[in-house]
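Peer 1: Dropping a prediction and its sequence here:
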Amino acid sequence: MENPAMELKFIDLHGERLAYYDEGRGEALLLIHGMAGSSQTWRAILPQLAKKYRVIAPDLMGHGQSSKPRSDYSLGAFAVGLRDLLDEVGVDSATVVGHSLGGGIAMQFLYQHPDYCRRLILISSGGLGQDVGWILRLLSAPGAELIMPVIAPTPVLRAGNTVKGWLTSMGLRSPRGAEIWSSYSSFNDPQTRAAFLRTLRSVVDYRGQSVSALNRLKLKADLPTLAIWGEDDNIIPVDHAYAALEARPDCRVEVLPDVGHFAHVEAPTRVYDVIDEFITATASAEAHLTGATASAEAEGQQAGTASLADANTSGATADVEDATAPAGSEPASHGV
(Lines give C-alpha, C1' and ligand atoms only; values in the text may rest on other atoms or scores of the structure.)
Protein backbone atom coordinates (compact mmCIF):
# COMPACT_ATOMS: atom_id res chain seq x y z
CA MET A 1 0.00 0.00 0.00
CA GLU A 2 1.08 3.61 -0.40
CA ASN A 3 0.88 4.14 3.36
CA PRO A 4 3.66 2.09 4.99
CA ALA A 5 1.88 2.23 8.35
CA MET A 6 -0.80 -0.09 7.01
CA GLU A 7 -0.15 -3.72 7.81
CA LEU A 8 -1.32 -6.75 5.88
CA LYS A 9 -2.82 -9.21 8.36
CA PHE A 10 -3.43 -12.93 8.06
CA ILE A 11 -6.12 -15.17 9.47
CA ASP A 12 -6.82 -18.89 9.24
CA LEU A 13 -10.23 -19.64 7.74
CA HIS A 14 -11.16 -23.31 7.51
CA GLY A 15 -7.53 -24.34 7.25
CA GLU A 16 -6.58 -21.78 4.59
CA ARG A 17 -4.73 -18.48 4.95
CA LEU A 18 -6.64 -15.29 4.19
CA ALA A 19 -4.76 -11.99 3.86
CA TYR A 20 -6.54 -8.71 4.59
CA TYR A 21 -6.18 -5.09 5.65
CA ASP A 22 -8.17 -3.83 8.63
CA GLU A 23 -7.59 -0.11 9.02
CA GLY A 24 -9.30 2.86 10.64
CA ARG A 25 -12.18 3.26 13.04
CA GLY A 26 -15.85 4.02 12.59
CA GLU A 27 -18.55 2.52 10.43
CA ALA A 28 -17.30 -0.59 8.61
CA LEU A 29 -16.62 -0.81 4.87
CA LEU A 30 -15.88 -4.14 3.18
CA LEU A 31 -13.89 -3.69 -0.04
CA ILE A 32 -13.99 -6.61 -2.51
CA HIS A 33 -11.49 -6.56 -5.39
CA GLY A 34 -11.93 -7.97 -8.87
CA MET A 35 -10.63 -10.99 -10.77
CA ALA A 36 -6.84 -11.41 -10.90
CA GLY A 37 -6.61 -8.53 -8.42
CA SER A 38 -5.93 -8.19 -4.72
CA SER A 39 -6.40 -5.77 -1.85
CA GLN A 40 -3.60 -3.74 -3.44
CA THR A 41 -6.12 -2.44 -5.96
CA TRP A 42 -7.47 -0.14 -3.22
CA ARG A 43 -4.06 1.38 -2.43
CA ALA A 44 -4.95 4.84 -3.79
CA ILE A 45 -8.20 5.17 -1.86
CA LEU A 46 -7.89 3.00 1.26
CA PRO A 47 -5.75 5.42 3.33
CA GLN A 48 -8.26 8.23 2.80
CA LEU A 49 -11.23 6.00 3.61
CA ALA A 50 -9.48 4.76 6.76
CA LYS A 51 -9.37 8.30 8.15
CA LYS A 52 -13.15 8.17 8.60
CA TYR A 53 -14.21 4.53 8.40
CA ARG A 54 -13.07 1.09 9.47
CA VAL A 55 -11.97 -0.46 6.18
CA ILE A 56 -11.63 -4.21 5.71
CA ALA A 57 -10.01 -5.16 2.40
CA PRO A 58 -9.20 -8.86 1.92
CA ASP A 59 -7.31 -10.76 -0.73
CA LEU A 60 -9.97 -13.19 -1.92
CA MET A 61 -9.04 -16.85 -1.80
CA GLY A 62 -6.92 -17.66 -4.84
CA HIS A 63 -5.72 -14.06 -5.09
CA GLY A 64 -2.91 -11.91 -3.72
CA GLN A 65 -1.29 -13.24 -0.56
CA SER A 66 -4.18 -15.55 0.37
CA SER A 67 -4.03 -19.31 -0.11
CA LYS A 68 -4.74 -20.72 -3.55
CA PRO A 69 -6.27 -24.13 -2.87
CA ARG A 70 -7.83 -26.44 -5.43
CA SER A 71 -11.27 -25.50 -4.23
CA ASP A 72 -14.62 -23.85 -4.93
CA TYR A 73 -14.26 -20.40 -6.51
CA SER A 74 -17.94 -19.69 -7.07
CA LEU A 75 -19.63 -16.44 -6.05
CA GLY A 76 -21.35 -18.29 -3.21
CA ALA A 77 -18.08 -19.67 -1.83
CA PHE A 78 -16.51 -16.21 -1.87
CA ALA A 79 -19.57 -14.77 -0.09
CA VAL A 80 -19.34 -17.35 2.69
CA GLY A 81 -15.63 -16.62 3.17
CA LEU A 82 -16.31 -12.90 3.50
CA ARG A 83 -19.04 -13.49 6.07
CA ASP A 84 -16.66 -15.65 8.07
CA LEU A 85 -13.99 -12.94 7.89
CA LEU A 86 -16.42 -10.32 9.22
CA ASP A 87 -17.35 -12.67 12.06
CA GLU A 88 -13.69 -13.18 12.92
CA VAL A 89 -12.93 -9.44 13.07
CA GLY A 90 -16.09 -8.63 15.02
CA VAL A 91 -18.11 -6.80 12.36
CA ASP A 92 -21.84 -7.52 12.23
CA SER A 93 -22.72 -5.24 9.29
CA ALA A 94 -20.89 -3.18 6.69
CA THR A 95 -21.22 -1.06 3.59
CA VAL A 96 -20.17 -3.58 0.93
CA VAL A 97 -18.11 -2.20 -1.96
CA GLY A 98 -17.33 -4.47 -4.91
CA HIS A 99 -15.29 -3.87 -8.06
CA SER A 100 -15.77 -5.97 -11.21
CA LEU A 101 -15.97 -9.61 -10.06
CA GLY A 102 -16.14 -8.15 -6.55
CA GLY A 103 -19.43 -6.49 -7.46
CA GLY A 104 -20.93 -9.84 -8.39
CA ILE A 105 -19.64 -11.26 -5.12
CA ALA A 106 -21.11 -8.28 -3.25
CA MET A 107 -24.56 -8.96 -4.74
CA GLN A 108 -24.25 -12.65 -3.89
CA PHE A 109 -23.19 -11.64 -0.36
CA LEU A 110 -26.37 -9.56 -0.12
CA TYR A 111 -28.42 -12.57 -1.25
CA GLN A 112 -26.86 -15.02 1.21
CA HIS A 113 -26.25 -12.71 4.16
CA PRO A 114 -28.62 -9.71 3.92
CA ASP A 115 -28.29 -8.78 7.59
CA TYR A 116 -24.56 -8.14 7.11
CA CYS A 117 -25.13 -5.68 4.26
CA ARG A 118 -25.86 -2.09 5.26
CA ARG A 119 -25.31 -0.49 1.86
CA LEU A 120 -24.23 -1.77 -1.55
CA ILE A 121 -21.71 0.06 -3.75
CA LEU A 122 -20.84 -1.40 -7.16
CA ILE A 123 -17.83 -0.18 -9.17
CA SER A 124 -17.82 -1.42 -12.80
CA SER A 125 -19.55 -4.50 -11.47
CA GLY A 126 -19.88 -7.90 -13.03
CA GLY A 127 -23.20 -9.74 -12.95
CA LEU A 128 -25.35 -7.02 -14.54
CA GLY A 129 -25.25 -8.13 -18.18
CA GLN A 130 -23.61 -10.53 -20.62
CA ASP A 131 -21.01 -8.19 -22.15
CA VAL A 132 -17.40 -8.62 -21.08
CA GLY A 133 -13.98 -8.07 -22.66
CA TRP A 134 -12.96 -10.55 -25.38
CA ILE A 135 -9.74 -11.51 -23.58
CA LEU A 136 -11.71 -12.94 -20.66
CA ARG A 137 -13.96 -14.85 -23.06
CA LEU A 138 -10.90 -16.29 -24.78
CA LEU A 139 -9.25 -17.33 -21.51
CA SER A 140 -12.42 -19.10 -20.35
CA ALA A 141 -12.12 -21.57 -23.24
CA PRO A 142 -10.64 -25.07 -22.89
CA GLY A 143 -6.89 -25.10 -23.39
CA ALA A 144 -6.21 -21.74 -21.76
CA GLU A 145 -4.06 -23.63 -19.24
CA LEU A 146 -1.60 -24.24 -22.07
CA ILE A 147 -1.63 -20.67 -23.38
CA MET A 148 -1.23 -18.72 -20.15
CA PRO A 149 2.33 -19.86 -19.26
CA VAL A 150 3.40 -18.77 -22.75
CA ILE A 151 1.84 -15.30 -22.61
CA ALA A 152 3.33 -14.43 -19.22
CA PRO A 153 6.88 -15.90 -19.20
CA THR A 154 9.49 -14.64 -16.76
CA PRO A 155 11.71 -12.91 -19.40
CA VAL A 156 8.75 -10.88 -20.68
CA LEU A 157 7.80 -9.85 -17.15
CA ARG A 158 11.35 -8.78 -16.37
CA ALA A 159 11.52 -6.68 -19.51
CA GLY A 160 8.12 -5.19 -18.79
CA ASN A 161 9.08 -4.27 -15.23
CA THR A 162 12.24 -2.61 -16.53
CA VAL A 163 10.26 -0.51 -19.01
CA LYS A 164 7.72 0.34 -16.31
CA GLY A 165 10.56 1.53 -14.06
CA TRP A 166 11.98 3.76 -16.80
CA LEU A 167 8.59 5.33 -17.51
CA THR A 168 7.93 5.94 -13.82
CA SER A 169 11.35 7.57 -13.37
CA MET A 170 10.46 9.98 -16.19
CA GLY A 171 7.17 10.86 -14.53
CA LEU A 172 5.09 8.92 -17.05
CA ARG A 173 2.55 6.94 -15.06
CA SER A 174 -0.67 5.28 -16.11
CA PRO A 175 -2.75 4.03 -13.15
CA ARG A 176 -4.93 1.99 -15.50
CA GLY A 177 -1.91 0.46 -17.23
CA ALA A 178 -0.24 -0.32 -13.90
CA GLU A 179 -3.34 -2.15 -12.68
CA ILE A 180 -3.58 -4.23 -15.85
CA TRP A 181 0.15 -5.01 -15.69
CA SER A 182 -0.19 -6.14 -12.07
CA SER A 183 -2.93 -8.61 -13.02
CA TYR A 184 -0.98 -9.84 -16.04
CA SER A 185 2.19 -10.31 -13.98
CA SER A 186 0.39 -12.54 -11.48
CA PHE A 187 -0.17 -15.16 -14.20
CA ASN A 188 3.50 -16.12 -13.97
CA ASP A 189 2.63 -18.13 -10.83
CA PRO A 190 1.10 -21.58 -11.59
CA GLN A 191 -1.17 -21.62 -8.52
CA THR A 192 -2.46 -18.14 -9.30
CA ARG A 193 -3.16 -19.16 -12.91
CA ALA A 194 -5.12 -22.21 -11.79
CA ALA A 195 -7.17 -20.22 -9.27
CA PHE A 196 -7.81 -17.51 -11.87
CA LEU A 197 -9.14 -19.99 -14.43
CA ARG A 198 -11.44 -21.67 -11.89
CA THR A 199 -12.78 -18.27 -10.85
CA LEU A 200 -13.16 -17.06 -14.45
CA ARG A 201 -14.97 -20.18 -15.63
CA SER A 202 -17.45 -19.93 -12.76
CA VAL A 203 -18.80 -16.64 -14.19
CA VAL A 204 -17.66 -16.33 -17.85
CA ASP A 205 -17.80 -18.50 -20.97
CA TYR A 206 -17.16 -17.85 -24.67
CA ARG A 207 -20.46 -15.95 -24.96
CA GLY A 208 -19.65 -13.57 -22.12
CA GLN A 209 -20.79 -13.36 -18.52
CA SER A 210 -22.71 -16.50 -17.66
CA VAL A 211 -24.09 -15.45 -14.27
CA SER A 212 -26.64 -12.68 -13.75
CA ALA A 213 -27.08 -11.09 -10.34
CA LEU A 214 -29.69 -8.52 -11.38
CA ASN A 215 -32.39 -10.22 -9.34
CA ARG A 216 -30.20 -9.86 -6.24
CA LEU A 217 -30.65 -6.09 -6.41
CA LYS A 218 -34.36 -6.42 -5.66
CA LEU A 219 -33.99 -8.50 -2.51
CA LYS A 220 -33.76 -5.79 0.16
CA ALA A 221 -36.16 -2.96 -0.61
CA ASP A 222 -34.67 -0.42 1.80
CA LEU A 223 -31.00 -1.04 0.91
CA PRO A 224 -29.16 2.12 -0.26
CA THR A 225 -27.46 1.21 -3.54
CA LEU A 226 -24.85 3.07 -5.60
CA ALA A 227 -23.27 2.20 -8.97
CA ILE A 228 -20.02 3.92 -10.01
CA TRP A 229 -18.77 3.47 -13.58
CA GLY A 230 -16.03 4.77 -15.82
CA GLU A 231 -17.47 6.15 -19.03
CA ASP A 232 -14.57 4.62 -20.99
CA ASP A 233 -14.78 1.14 -19.45
CA ASN A 234 -13.93 -1.34 -22.24
CA ILE A 235 -14.09 -4.44 -20.06
CA ILE A 236 -17.62 -4.09 -18.66
CA PRO A 237 -19.48 -1.33 -20.56
CA VAL A 238 -21.20 1.55 -18.81
CA ASP A 239 -24.58 0.31 -20.11
CA HIS A 240 -24.50 -2.16 -17.25
CA ALA A 241 -24.80 0.71 -14.76
CA TYR A 242 -28.14 1.58 -16.32
CA ALA A 243 -29.17 -2.08 -16.14
CA ALA A 244 -28.72 -1.79 -12.38
CA LEU A 245 -30.86 1.35 -12.40
CA GLU A 246 -33.57 -0.44 -14.38
CA ALA A 247 -33.55 -3.35 -11.94
CA ARG A 248 -33.58 -1.00 -8.97
CA PRO A 249 -35.00 2.48 -9.76
CA ASP A 250 -33.74 3.95 -6.48
CA CYS A 251 -30.14 3.00 -7.32
CA ARG A 252 -27.89 6.03 -7.57
CA VAL A 253 -25.66 5.99 -10.69
CA GLU A 254 -22.42 7.98 -11.01
CA VAL A 255 -20.66 7.86 -14.40
CA LEU A 256 -17.14 9.31 -14.39
CA PRO A 257 -15.87 10.82 -17.68
CA ASP A 258 -12.38 9.95 -18.95
CA VAL A 259 -12.23 6.93 -16.62
CA GLY A 260 -11.99 3.25 -17.54
CA HIS A 261 -12.58 -0.01 -15.69
CA PHE A 262 -10.55 0.88 -12.59
CA ALA A 263 -12.29 4.03 -11.36
CA HIS A 264 -10.92 3.72 -7.81
CA VAL A 265 -7.38 3.58 -9.25
CA GLU A 266 -7.75 6.12 -12.06
CA ALA A 267 -9.82 8.70 -10.15
CA PRO A 268 -9.46 7.88 -6.43
CA THR A 269 -10.38 11.34 -5.16
CA ARG A 270 -13.58 11.45 -7.19
CA VAL A 271 -14.53 7.93 -6.11
CA TYR A 272 -13.80 8.73 -2.46
CA ASP A 273 -15.98 11.85 -2.63
CA VAL A 274 -18.88 9.95 -4.21
CA ILE A 275 -18.67 7.12 -1.66
CA ASP A 276 -18.33 9.44 1.33
CA GLU A 277 -21.22 11.67 0.23
CA PHE A 278 -23.40 8.61 -0.42
CA ILE A 279 -22.73 7.11 3.00
CA THR A 280 -23.26 10.45 4.74
CA ALA A 281 -26.55 11.10 2.93
CA THR A 282 -27.94 7.63 3.52
CA ALA A 283 -26.80 7.68 7.15
CA SER A 284 -28.80 10.90 7.65
CA ALA A 285 -31.84 9.33 6.01
CA GLU A 286 -31.36 6.21 8.11
CA ALA A 287 -31.13 8.30 11.30
CA HIS A 288 -34.26 10.25 10.31
CA LEU A 289 -36.15 7.02 9.65
CA THR A 290 -34.95 5.52 12.93
CA GLY A 291 -35.97 8.68 14.78
CA ALA A 292 -39.40 8.70 13.16
CA THR A 293 -39.92 5.06 14.06
CA ALA A 294 -38.84 5.67 17.65
CA SER A 295 -41.15 8.70 17.86
CA ALA A 296 -44.08 6.68 16.57
CA GLU A 297 -43.34 3.93 19.06
CA ALA A 298 -43.12 6.47 21.89
CA GLU A 299 -46.44 8.03 20.86
CA GLY A 300 -47.97 4.59 20.80
CA GLN A 301 -46.64 3.86 24.27
CA GLN A 302 -47.94 7.21 25.55
CA ALA A 303 -51.34 6.54 24.03
CA GLY A 304 -51.39 3.13 25.67
CA THR A 305 -50.40 4.61 29.02
CA ALA A 306 -53.10 7.28 28.71
CA SER A 307 -55.72 4.65 27.91
CA LEU A 308 -54.63 2.61 30.90
CA ALA A 309 -54.76 5.70 33.13
CA ASP A 310 -58.26 6.53 31.88
CA ALA A 311 -59.34 2.99 32.53
CA ASN A 312 -57.91 3.05 36.06
CA THR A 313 -59.57 6.43 36.76
CA SER A 314 -62.92 5.17 35.52
CA GLY A 315 -62.59 2.08 37.64
CA ALA A 316 -61.69 4.08 40.74
CA THR A 317 -64.66 6.44 40.20
CA ALA A 318 -66.95 3.50 39.83
CA ASP A 319 -65.71 2.01 43.08
CA VAL A 320 -66.36 5.29 44.88
CA GLU A 321 -69.85 5.51 43.42
CA ASP A 322 -70.60 1.96 44.49
CA ALA A 323 -69.25 2.55 47.97
CA THR A 324 -71.29 5.75 48.51
CA ALA A 325 -74.58 4.46 47.06
CA PRO A 326 -77.45 4.19 49.61
CA ALA A 327 -78.00 0.78 51.11
CA GLY A 328 -80.33 -1.32 49.03
CA SER A 329 -79.84 0.72 45.87
CA GLU A 330 -78.68 -0.89 42.60
CA PRO A 331 -74.94 -0.68 41.77
CA ALA A 332 -74.04 1.87 39.11
CA SER A 333 -73.94 0.49 35.57
CA HIS A 334 -70.66 1.07 33.67
CA GLY A 335 -71.47 0.15 30.10
CA VAL A 336 -72.68 -2.90 28.33
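Peer 2: Okay, I see it. Note that this is a predicted model, so its numbers are computed, not measured.

Peer 1: use CA for all of it now, contacts and neighbours both
Peer 2: Fine.

Peer 1: Point to the residue nearest the middle of the chain.
Peer 2: Centroid check for the chain by C-alpha atoms, centre = their mean gives residue 96 as the closest residue, at 2.3 Å.

Peer 1: Strands of the stretch 51-200 of the chain, start to end?
Peer 2: 54-58, 94-99, 117-123 (DSSP state E, counting those that start in this stretch).

Peer 1: give me every residue that touches the residue nearest to the centre of the chain.
Peer 2: 29, 30, 31, 32, 106, 117, 118, 119, 120, 121 (C-alpha atoms under 8 Å, 6 or more residues apart in numbering).

Peer 1: do you know how far the first one is from residue 222?
Peer 2: It stands for residue 29. Distance, residue 29 to residue 222, by C-alpha to C-alpha, to the nearest Å: 18 Å.

Peer 1: and which of the contacts of residue 96 is nearest residue 45?
Peer 2: residue 31 (10.7 Å; C-alpha to C-alpha).

Peer 1: pretty sure that closest one belongs to a strand, no?
Peer 2: Yes. Assignment of residue 31 by DSSP: H, G, I helix; E, B strand; the rest coil places it within a strand.

Peer 1: Just give the number of residues close to it.
Peer 2: Burial of residue 31 is recorded as 25 neighbouring residues (other C-alpha atoms under 10 Å).

Peer 1: do residue 58 as well
Peer 2: Counted with other C-alpha under 10 Å, residue 58 comes out at 27.

Peer 1: Setting aside sequence neighbours, what's the nearest residue to it?
Peer 2: Computed as C-alpha to C-alpha, 6 or more residues apart in numbering, the closest residue to residue 58 that is not its neighbour in sequence is residue 20, at 3.8 Å.

Peer 1: and the one you found, which of the three is it?
Peer 2: Strictly by three-state DSSP, residue 20 counts as strand.

Peer 1: May I have the beta-bridge partners of it?
Peer 2: Beta bridges link residue 20 to residue 9, residue 58 when assigned by DSSP bridges.

Peer 1: Much appreciated, bye for now.
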